[in-house]
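Engineer: Generate coordinates for the sequence data below:
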Amino acid sequence: MMNRQIRQAARPNEHGHDMLSETETERIAGGAGLILANIYNAALEMGIWPERYVRNAGSFSSDEQRQLLGKVVAVAGCGGLGGYIAQFLARMGVGGLRLFDPDVYEASNLNRQVFASSDTLGAGKAETARAALSAINPSVSVTAHRLDVTGDKARPHLTGVDLVADGLDTLGDRARLSELARALKVPMVHAAISGFEARVMVLWPEGPSFGELFGEEAETTAEATLGTPAVTPAVAAGLQCSQIVGVLLGKVSPAETPMVHMDLMEMRTEVFHF
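Structural biologist: Below you'll find the predicted structure:
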């Protein structure tokens with residue numbers, strides 16, 4: 001019954017993709033008493049693109065889009081990098097996001113953190129991000145935890161994640177996050193930013209850890225000296241999310257561990273291999 005309704009409601013869009021409009025999706029879901037994700041999944045299984053995701057067509061196949069709906073990513077930190085990571089993944093259709101951040105928004109966050117506004121000052125970062133993502137894509141399952149992701153209290157909330165996204169600050173925090181990802185036997189996609197510079201890389205459970213590559217001593221970041229203009233976390237998180245999606249879809253291999261370093265002001269990119 002549901003599949004027949006989807007087929008009858010689908011129409012080709014201007015680019016020739018069979019598409020189910022968001023209005024029809026909501027109508028079918030309401031009539032069947034199902035959540036939106038169920039309708040999206042059924043449509044994609046038939047090669048019909050939900051309108052929400054149709055602009056992903058060509059970059060992903062309908063089967064790959066469906067795969068993303070079944071993936072769960074833990075986002076460590078919901079500030080500069082983490083806020084963009086969570087937003088990009090929700091828009092691309094990663095089905096489950098678990099957000100971790102013990103902090104609240106401060107006025108110094110307003111220059112770069114996507115969910116920071118005059119209205120959210122003093123509010124928890126993870127909880128604020130969850131509310132915003134629910135408005136952006138209500139089909140994504142988002143949980144918010146005002147916890148240090150590497151602490152003991154966070155561990156029960158990490159069961160079943162497919163990947164850990166690094167939005168943390170210091171060497172020590174990232175080294176602990178890398179060890180946590182290893183213990184969970186999942187990849188960690190790392191990024192770091194300062195000024196107009198950023199680096200991004202995938203750390204695999206079987207490869208070198210963050211501590212082995214960069215050290216483990218806690219320290220203040222280079223941001224304290226170079227600052228962080230708004231564009232840097234946005235660009236870094238975009239590259240980070242492309243790697244996250246590549247890992248989730250099996251398009252990025254653990255055979256090697258390249259690190260990309262970008263200087264946005266100089267328009268220069270370097271790749272290092274480990």
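Engineer: Give me the distance between residue 124 and residue 4.
Structural biologist: For residue 124, the distance to residue 4 equals 44 Å [Cβ to Cβ, to the nearest Å]. The C-beta positions use only the backbone N, C-alpha and C, and glycine is treated the same way.
Engineer: What's the local residue count around residue 123?
Structural biologist: 16 (other Cβ atoms under 10 Å).
Engineer: Check what pLDDT it gets.
Structural biologist: In this prediction, residue 123 carries a pLDDT score of 98.
Engineer: cool, residue 236 as well?
Structural biologist: 98.
Engineer: What about it, how many residues nearby?
Structural biologist: 26.
Engineer: Can you verify it is assigned to a helix?
Structural biologist: Yes - according to DSSP: H, G, I helix; E, B strand; the rest coil, the state of residue 236 is that of a helix.
Engineer: For it, give its distance to residue 269.
Structural biologist: For residue 236, the distance to residue 269 equals 12 Å [Cβ to Cβ].
Engineer: Residues that sit against both of the two, list them.
Structural biologist: Residues touching both residue 236 and residue 269 (Cβ atoms under 8 Å, 6 or more residues apart in numbering): residue 262.
Engineer: quick one: the strands in the stretch 101-250 of the chain?
Structural biologist: According to DSSP state E, counting those that start in this stretch, the stretch 101-250 of the chain carries its strands in the segments 141-145, 163-166, 188-194, 197-203.
Engineer: Dump those strands to TSV, plus distance to residue 262, mean neighbour count and mean pLDDT.
Structural biologist: Compiled in TSV, the strands of the stretch 101-250 of the chain are given as follows (distance: least, Cβ to Cβ, whole Å; neighbours: other Cβ atoms under 10 Å; pLDDT from 0 to 100):
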stretch	distance to residue 262	mean neighbour count	mean pLDDT
strand 141-145	29	19	98
strand 163-166	16	27	98
strand 188-194	9	25	97
strand 197-203	5	22	97
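Engineer: All set now, cheers.
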